[in-house]
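*Asks:* here's a sequence, model it:
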Amino acid sequence: MSGYSPCNKVNDLPSSRCTDSGLVLLPHTWIYVPCGPRPRVTSFRETATSTSYGYTAAISVNEQAVGLIHGHGRDEVFYSSGNPGFGQEEMARFAAASRSHSGEALTAEWVLGQLVISHLLTRLTPVPPPPGSRLARPVEIVSSIPTPRPERPSLDDEHDRVGNIVALAGMVVLVGGADGTKPALVAAQLASYRAPGDHLWWQLWNPEVGGSAGYWRDLTARPASVPEGDPAEDYPW
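*Replies:* Next up, the predicted model:
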């Protein structure tokens, strides 16, 4: 399990979606991860207190428990359970091989956080919303995030670098209501959460028949620096 051969075995994503460099888009995110067996969040538990927020997420690979992610704010850390097939070294390699939609290298901390986001949205999107309502999410360009040093990509060795990185900008919300998703109503609702701007835009979840799959489509204009056709536009899960 220590290597990632291109698309010879994919957990739940068709191999046809693999890029030439052996990466596949992680569901509901804007990052690409190695094709093949990948770490998956199998459970999530919040540990919020009156002064802080945290969580614990269980991680499995090929349906075998391999460890836990502990998160606090943007401090995500992977703790191996000692599984000989996948431990700290394998997670470090998995993270080092992952890339942003624009090809940027990412830290393990960022990749771990995106694994959790993917899990939460995968659980949320199949749930039917109230009549006349739709799920919407804000996404934004993050101008600077921790990225690994090229000479020593590891879980801990990192520094800040400016990059064109797209990330979830807040909670997924319900828009619309009894009057349906009328543009004026939706625009007012979005503005009350996070107003779209030069670096932030909104996307609407479009479920397919049955609700078990669907895609995110731009609801407001995306920034000019994010080309049309990038992952979250008409990309079915």
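*Asks:* now the longest helix seen in the chain: mean pLDDT?
*Replies:* Taking DSSP state H as the criterion, the chain has its longest helix at helix 108-124. Mean pLDDT, helix 108-124: 92.
*Asks:* what do you get for stretch 139-150?
*Replies:* On average, stretch 139-150 scores 66.
*Asks:* what ranges do the helices span in the chain?
*Replies:* Listed in chain order, the helices of the chain (DSSP H) span 88-97, 108-124, 183-193.
*Asks:* just the CA trace of the first one, in CSV.
*Replies:* I take that to be helix 88-97. Taking C-alpha atoms only, helix 88-97 is exported to CSV below (Å, rounded to 0.1, in the frame of the first residue of the first chain):
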residue,chain,number,x,y,z
GLN,A,88,2.9,8.4,9.0
GLU,A,89,5.3,7.9,6.0
GLU,A,90,2.6,6.8,3.6
MET,A,91,0.3,9.8,4.6
ALA,A,92,3.3,12.2,4.1
ARG,A,93,3.8,10.8,0.6
PHE,A,94,0.1,10.9,-0.2
ALA,A,95,0.0,14.6,0.9
ALA,A,96,3.2,15.5,-0.9
ALA,A,97,1.8,14.1,-4.2
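*Asks:* what packs against that helix?
*Replies:* With contacts defined as 3 or more Cβ pairs under 8 Å, 6 or more residues apart in numbering; DSSP states H and E, helix 88-97 has these neighbours: strand 31-34, strand 75-80, helix 108-124. Every residue, glycine included, has its C-beta placed from N, CA and C.
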